[in-house]
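> Predicted model and sequence follow; I will ask about them next.
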Amino acid sequence: MNFDFSDDQRMLRDHAQRFLGESTDCHALRGMLDAGREFDDQLWSQIVEQGWLGVAIDEELGGLGLGTLELCVLMEELGRALAPVPFFSTVCLAAELIKHSRSPQGLEHLRGLAAGEFIACAGLMTPDREWNQVNLRVEADRLFGSSTALAYAGQSDFAVLPALERGEPQILLVDLNQAGVRRETLSGIDPLTPHARLQLEGVEVLRLCAGEDAVRTMAQVVNQAAVLNAFEQIGGAARACELARDYALERYTFGRPIGSYQAVKHKLADMAVKIELARSNAYFGAWAMHAGSAAELGLAAASSLLCASDAYQFCAEECLHLHGGIGYTWEADCHFLYNKARLLAVSVGNGAAWVDRLLTDESLNALHS
């Protein structure tokens, strides 16, 4: 079994790294936030032109017809660049929920999504949530209630949401530009990722799937989201490690770079070790997604997410510490990475719930039986 990426996928990674490196940086991020903009619409338009929104959408629906491995490659580079765009919510969540629901009407929305006509958000049933906790109810074919905090809900054209109808799980597509939709802007950990809560009062919906199909679809996409989130975190962790390394080489004290001191060297080595451990687990997750191995995807998703979260938070914290007092200032770049690490660690469910999932996974138990 081969866990590595193909030559074409590595070429895509190199292209994405070059393109994002030329299109955005932390100076641009500060300018965007200072101007009160919620995301980089110019970068988003360029990403649309690159065709990335359709990378995992079939060609007959206007996509590139590639797959989840290419999504992994792109998520790592978007994470490295701290790209302030709704790619994850639109492509990795909403589009995947629509795809896996196999609803003919829902699939038609993928055409517009692949063409960049829509921005979308999605609600997930993460391991720390139960279906009976959902606050959205369908009554007489209308949706009532409130969502959880959703990334880019304030900027989205439609949402894919879990709901209940007479106690039965549903996955619904909701047009957010209709009457009865109210968006409540929320403050969050990461200023680069705007969040909002949706308040819905009798809005029309499109059913994507229901019952056991909804439960299975949601579980599949949550596991995929965990793996893709892990790749985004690995990209960010690598960026934090590189930032710390560069500062250690250029910052002098007592006539020598601080990177020459053993304590600093060891911290940088610890960062590299954690990143490689996270990368190994994420590659396992990418393989499980691509191979369609449902039996192993749960284990792979949990191990990918937990290792990547540990690596990103460690690298972001140590990068900030290594910079000393200047690392806490707005002019330094460290805080962007630190805030992003804190957000991504909980954006697909809290770590404790994923630890429980990991320890109780049947495939893990089978390894020890």
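Received, thanks.

> State which strand of the protein is the longest.
In the chain, assigned by DSSP state E, the strand with the most residues is strand 195-204.

> Just checking: what are the partner strands of that one?
With DSSP bridges as the test, strand 195-204 is paired with strand 142-146 (antiparallel), strand 150-151 (antiparallel), strand 181-186 (antiparallel).

> Tell me which of those lies nearest to Val91.
Of all the strands paired with strand 195-204, it is strand 150-151 that lies closest to Val91, at 12.4 Å by C-beta to C-beta. Where C-beta positions appear, they are placed from N, C-alpha and C, glycine not excepted.

> show me the contacts for Asn223.
Asn223 makes contact with Met289, Leu297, Gly298, Ala300, Ala301, according to C-beta atoms under 8 Å, 6 or more residues apart in numbering.

> Secondary structure element for the second one, which one?
By that I understand Leu297. helix 294-323 (DSSP states H and E).

> Which strands and helices lie in contact with that helix?
Helices and strands touching helix 294-323, by 3 or more C-beta pairs under 8 Å, 6 or more residues apart in numbering; DSSP states H and E, are helix 211-250, helix 262-291, helix 334-344, helix 351-360, helix 362-367.

> hmm, who's touching whichever helix or strand comes after the longest one?
On the C-terminal side of helix 211-250, the closest following helix or strand by DSSP H and E is strand 252-253. Identification of contacts with strand 252-253 by C-beta under 8 Å, 6+ apart yields Ile258.

> Give me the distance from strand 252-253 to the chain's centre.
Distance of strand 252-253 from its chain centroid, counting by C-alpha atoms, centre = their mean, to the nearest Å, is 38 Å.

> Just want to check the distance between Leu74 and Thr193.
17 Å (C-beta to C-beta, to the nearest Å).

> higher neighbour count, those two?
Leu74 (29 against 22; other C-beta atoms under 10 Å).

> Hmm, the more buried one is touching Val55, no?
Yes. Contact criterion C-beta atoms under 8 Å: Leu74 and Val55 qualify, at 6.6 Å.

> so what's the spatially most central residue of the chain closest to, chain neighbours aside?
In the chain, the centroid-proximal residue (C-alpha atoms, centre = their mean) is Asn229; its distance is 4.1 Å. Leaving aside its sequence neighbours, Asn229 sits nearest to Val348 (C-beta to C-beta, 6 or more residues apart in numbering; 5.0 Å).

> next one: phi and psi at the one you found?
Val348 has phi and psi values of phi -120, psi 30 when expressed as degrees, to the nearest 10.

> All further residue positions should be reported with the first residue as 4.
Yep, numbering from 4; the last one is Val351 now.

> Ala233: what's it in contact with?
Ala281, Asn284, Ala285, Gly288, Ser307, Leu308, Cys310, Ala311, Ser312.

> Using CSV, lay out those together with distance to Val137.
Below are these laid out as CSV (distance: C-beta to C-beta, whole Å):
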residue, distance to Val137
Ala281, 31
Asn284, 30
Ala285, 30
Gly288, 26
Ser307, 26
Leu308, 22
Cys310, 30
Ala311, 27
Ser312, 25
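
> Go through those residues and name the one nearest Ile101.
Closest to Ile101, out of all of the contacts of Ala233 and judged by C-beta to C-beta, is Gly288, at 21.7 Å.

> In this structure the closest one contacts Ala305, no?
No. Counting by C-beta under 8 Å, Gly288 stays clear of Ala305, with 9.1 Å between them.

> more neighbours, the two?
For Gly288 versus Ala305, the count of surrounding residues by other C-beta under 10 Å is larger for Gly288: 31 against 28.

> domain assignment for this structure?
10-117, 123-214, 217-370 (automatic domain parsing).

> What mean pLDDT does the second one get?
Translated: domain 123-214. Across domain 123-214, pLDDT averages out at 96.
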